[in-house]
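A.B. asks: I would like to see how this sequence folds:
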Amino acid sequence: MTTSSRRPWASLAVGVTALAVALTGCAGGSSSAGGGESKTITWLVDNTENTVTYAEQIAKDFNAANPNIKVEVETRPQGGEGDNIVKTRLSTGDMADVFSYNSGSLFHQISPEQNLVPVTGEPYMANVSDSFKPVVTAGKEVYGVPVGTGNAGAVLYNKKVYEKLGLSVPKTWAQFMANSRKIKDAGIAPIIQTYQTTWTSQLFVLGDFANVAKADPNFAADYTANKAKYATDAAAIKGFEHQEEAAKAGLFNDDFASATYAQGLEKLANGEGAQYPILSFALPEIKVTFPDKLNDIGLFPLPGEDAAKNALTVWLPGGVYIPKSTKNLEEAKKLQAFIASKAGCDSQTKAVGANGPYLVKGCDLPSDVPAAVKDMLPYFEDSSKNSPALEYLSPVKGPALEQITVEVGSGIRSAKDAAALYDEDVKKQAKQLNLPGWN
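C.D. replies: Okay, here's the model as predicted:
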């Protein structure tokens, strides 16, 4: 790695720890002991190019350090389809030896205490940031190590388009809409939407949560306790309303309904679209696919109503977990230990670059991070300028949000109806988790 400087993550620790307080298959060979025959273990990851690229690099470097253990990377779809595959494979005992999956609220939906191997006392857990452990904790046990970096739910924008049109980074929603109209007048798609990849439709809502938290600091706790609703909270409904407003104004790319996430990144990189509300984990994918365009991309938070409270919604990394069904527990833990080490971070940086802070101790960012990462680091480093996404502060997240937001962005459902429908959507999951106030 090149010369680096420490990037603190402490500003997230207090908010994320609130979650911990609120929630008091395999392929194998012969034994590898003593230099014997090699053993193969499997690692299930999502099929984004970024994820596959760094997983394969980790597997390669891990094998170099552990010659008797080979890691085979398997892939699954993203979004709801991928969630169902993970749940099905866990329930049938057919899960890979290790698998990558979300931390936070979705982690709780895979019944960790029933399905996963706890690793609380493993020596390598000392390398894992205390800011991360709460979002992979169920009961009193920790179950995962972080893979990837911290991310933001924000707007990636084409800086060349902004420069050409003389635009400034917006601090309010009104400014964002004014910029978007000027972009449209120039014959460029102002706001990229990619509803063929349904999960991408959620960012207007999920990425707006820092604005919700600024307006209503108790929203996450009240939401978990069934005391606050998207449909009736004036700040929370704004994400739905903003998506509806942008759709009605005709500010999306013409092929928003059929475009894929990969096509959205291509539009952004090539300046065919100017702004893409998306997770910043897109940056390494742009680096892999459009390396010469990476520093043409900047980042700003999804704007709210008040410029003085403009804040960034941040995502913690996903986790790597071991299912109880594994027959290669020792080898699986060795892979976890490698991922939660400086060598594991270096593998990821070598493969796809770094698009935010690592949550593994001793892992620093290179000095030549992309322009968009430089844009977001000031928000990460100042606790008054960020909030973890709601899914890290509350276990309540309904499975149908991505379908609901597709409907809003497509003009099929109003923001008001969508917010009310999502409030209904979360009830079943909250009851399954036996949360107080929901039964």
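A.B. asks: give me the low-pLDDT residue ranges for the stretch 301-439 of the chain?
C.D. replies: Applying pLDDT under 70 to the predicted model, the stretch 301-439 of the chain contains no residue that meets it.
A.B. asks: where do the strands sit along it?
C.D. replies: Per DSSP state E, counting those that start in this stretch, the stretch 301-439 of the chain carries strands over the ranges 312-315, 318-321, 365-366, 386-388.
A.B. asks: can you redo these as a markdown table with distance to Val155 and mean neighbour count?
C.D. replies: Yep, even glycine has a C-beta here, placed from its N, CA and C like the rest. Shown next, in a markdown table, are those (distance: least, C-beta to C-beta, whole Å; neighbours: other C-beta atoms under 10 Å):
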| stretch | distance to Val155 | mean neighbour count |
| --- | --- | --- |
| strand 312-315 | 10 | 26 |
| strand 318-321 | 22 | 26 |
| strand 365-366 | 22 | 20 |
| strand 386-388 | 15 | 25 |
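A.B. asks: could those go into JSON lines alongside distance to Glu245?
C.D. replies: Putting the strands of the stretch 301-439 of the chain into JSON lines (distance: least, C-beta to C-beta, whole Å) gives the following:
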{"stretch": "strand 312-315", "distance to Glu245": "19"}
{"stretch": "strand 318-321", "distance to Glu245": "31"}
{"stretch": "strand 365-366", "distance to Glu245": "36"}
{"stretch": "strand 386-388", "distance to Glu245": "23"}
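A.B. asks: did I read that right, Gln193 in a helix?
C.D. replies: No: looking at Gln193 with DSSP: H, G, I helix; E, B strand; the rest coil, it is coil, so not inside a helix.
A.B. asks: Let me see the contact set for it.
C.D. replies: Under the criterion of C-beta atoms under 8 Å, 6 or more residues apart in numbering, the contact partners of Gln193 comprise Thr200, Ser201, Phe252, Asn253, Phe256, Ala259, Gly264, Gly409.
A.B. asks: how near is the third one to Ser410?
C.D. replies: For Phe252, the distance to Ser410 under the criterion C-beta to C-beta, to the nearest Å works out to 9 Å.
A.B. asks: Look up the closest residue to Ala340, ignoring the ones flanking it.
C.D. replies: Val145 (4.0 Å; C-beta to C-beta, 6 or more residues apart in numbering).
A.B. asks: For burial, what's the neighbour tally of the one you found?
C.D. replies: 31 (other C-beta atoms under 10 Å).
A.B. asks: Common neighbours of Phe252 and Ser410, please.
C.D. replies: Between them, Phe252 and Ser410 share no contacting residue under C-beta under 8 Å, 6+ apart.
A.B. asks: Comparing these two, which residue is more hemmed in?
C.D. replies: Remark: of Phe252 and Ser410, Phe252 carries more neighbours, 24 against 15, as counted by other C-beta under 10 Å.
A.B. asks: most surrounded residue in the contacts of Gln193?
C.D. replies: Among the contacts of Gln193, where neighbours are counted by other C-beta under 10 Å, the top count belongs to Gly264, at 28 neighbours.
A.B. asks: So it, which state does it fall into?
C.D. replies: Following three-state DSSP, Gly264 is assigned to helix.
A.B. asks: just the one 10 residues further on next, same as before
C.D. replies: When states are read from three-state DSSP, the local structure at Ala274 comes out as strand.
A.B. asks: Am I right that it is in contact with Lys182?
C.D. replies: No: because the distance of 9.5 Å does not satisfy C-beta atoms under 8 Å, Ala274 is recorded as not touching Lys182.
A.B. asks: what about the two, which has more around it?
C.D. replies: Ala274 (30 against 16).
A.B. asks: need the contact list for the more buried one.
C.D. replies: Taking C-beta under 8 Å, 6+ apart, one finds Tyr157, Asn158, Val161, Tyr162, Ser180, Ile183, Ile188, Ala189, Pro190, Ile191, Ile192, Leu268 in contact with Ala274.
A.B. asks: which outside residues touch the helix or strand harbouring the third one?
C.D. replies: Spelled out, it's Val161. Element membership for Val161, per DSSP states H and E: helix 159-165. Judged by C-beta under 8 Å, 6+ apart, the contacts made with helix 159-165 from elsewhere in the structure are 167-169, 179, 182-183, 186, 188, 271, 274, 296-298, 371.
A.B. asks: Please state the offset of that helix from the chain centre?
C.D. replies: Centre-to-centre, helix 159-165 and its host chain are 28 Å apart (C-alpha atoms, centre = their mean, to the nearest Å).
A.B. asks: residues of it that come out buried?
C.D. replies: With burial defined by 16 or more other C-beta atoms under 10 Å, the residues of helix 159-165 counted as buried are Lys159, Val161, Tyr162.
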